[in-house]
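**Q** sequence plus the predicted model coming up.
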Amino acid sequence: QVQLVESGGGLVQAGGSLRLSCAASGSIFRINTMGWYRQAPGKQRELVAETIISLSRTNYADSVKGRFTISRDNAKNTLYLQMNSLKPEDTAVYFCAANLIPVGAGRNGMDYWGEGTLVTVSS
């Protein structure tokens, strides 16, 4: 059973930093993409940053460019999001997501989501 487990959320003052982690566990054949999404109260879930592993490419939402950095530890199947210069508008539940192929599941990738971790930025 594949699972994504996030950690690292919390309360921080504006201008501060946090680092989120997402550990992927289970029998995984290949990870195609991994990314971070967030959902603020009353708003739709939005992409924050993603890494397309086969292309070695990363994408960021305009609102976080220059402040957030996505990275991955391949050996540990762990994804990170370093968040600097945090703003109150970054307050949201942050979700880790992956498109991956479990062992024995064929060739098509499947989408998995973590349960989310809350980030609160106070002004």
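**A** Sure thing, it's come through. Numbers count the residues shown, from 1 in each chain.
**Q** centre-most residue in the protein?
**A** With distances taken as C-alpha atoms, centre = their mean, residue 36 lies nearest the centre of the chain, 2.5 Å away.
**Q** contact partners for that one?
**A** Residues near residue 36 by C-beta atoms under 8 Å, 6 or more residues apart in numbering: 20, 22, 47-50, 70, 79, 81, 94-97. Heads up, the C-betas are built off the backbone N, CA and C, glycines and all.
**Q** out of those, which are buried?
**A** 20, 22, 48, 49, 50, 70, 79, 81, 94, 95, 96, 97 (16 or more other C-beta atoms under 10 Å).
**Q** the fifth one and residue 70 touch, don't they?
**A** Yes. The pair residue 50 and residue 70 qualifies as a contact (C-beta atoms under 8 Å) at a distance of 7.1 Å.
**Q** now for the two: what residues contact both?
**A** 35, 36, 58.
**Q** can you add pLDDT, distance to residue 116 and secondary structure and give those residues back as TSV?
**A** What follows is these, written out as TSV (pLDDT from 0 to 100; distance: C-beta to C-beta, whole Å; DSSP: H, G, I helix; E, B strand; the rest coil):
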residue	pLDDT	distance to residue 116	secondary structure
35	98	13	strand
36	98	10	strand
58	97	21	strand
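**Q** list just the nearest of the residues you listed to residue 6.
**A** Lowest distance from residue 6 to the shared contacts of residue 50 and residue 70 (C-beta to C-beta) belongs to residue 36, with 8.8 Å.
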